[in-house]
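Colleague: I'd like to go over a predicted model; first the sequence, then the structure.
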Amino acid sequence: EAYNVDHVRDFEVETVGYKRTGRACSRCSTGVCRDFVLDWDSAIREADIDNAHRSIDDAKVVITLGTSLQITPACNMPQRCHRKGGKVCIVNLQKTP
């Protein structure tokens, strides 16, 4: 039976872009695992965007780390929090637009 399960690992995955990791599912041992590392060419899953919106809507503070905030829809999240009365903290080595 097919299902979608996210596994949080305590090690770095060596692939990027929702590619197969070469590991089997730890729940069923037969399912194929894919990385969950977004690259420039891959779209964010709609369920993850919806979850992010719910989290942002409940947030009192959003902290962004190491991003230029140039890629949508993620770049809109801090502003969404701010419009709802939350605070935004941006930590980045380069100037953030």
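Modeller: Done, it's in.

Colleague: list the buried ones in the lengthiest helix in the chain?
Modeller: For the chain, the longest helix by residue count, based on DSSP state H, is helix 46-58. Residues of helix 46-58 classed as buried by neighbour count (16 or more other Cβ atoms under 10 Å): A52, I56. Placement of C-beta: from N, CA and C, glycine included.

Colleague: and that helix, what does it pack onto?
Modeller: When contacts are defined as 3 or more Cβ pairs under 8 Å, 6 or more residues apart in numbering; DSSP states H and E, helix 46-58 packs onto helix 77-83.

Colleague: buried sites along the helix it packs on?
Modeller: Under the neighbour-count criterion of 16+ other Cβ under 10 Å, helix 77-83 has M77, P78, R80, C81 buried.

Colleague: what is the nearest of the residues you listed to S29?
Modeller: M77 (36.2 Å; Cβ to Cβ).

Colleague: so the closest one touches R54, yeah?
Modeller: No - M77 is beyond contact range of R54, at 11.4 Å (criterion: Cβ atoms under 8 Å).

Colleague: on that earlier part again, can I get the buried residues of helix 77-83 in a markdown table with pLDDT and distance to D58?
Modeller: A markdown table is the format used below for these (pLDDT from 0 to 100; distance: Cβ to Cβ, whole Å):
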| residue | pLDDT | distance to D58 |
| --- | --- | --- |
| M77 | 92 | 12 |
| P78 | 93 | 14 |
| R80 | 94 | 11 |
| C81 | 95 | 9 |
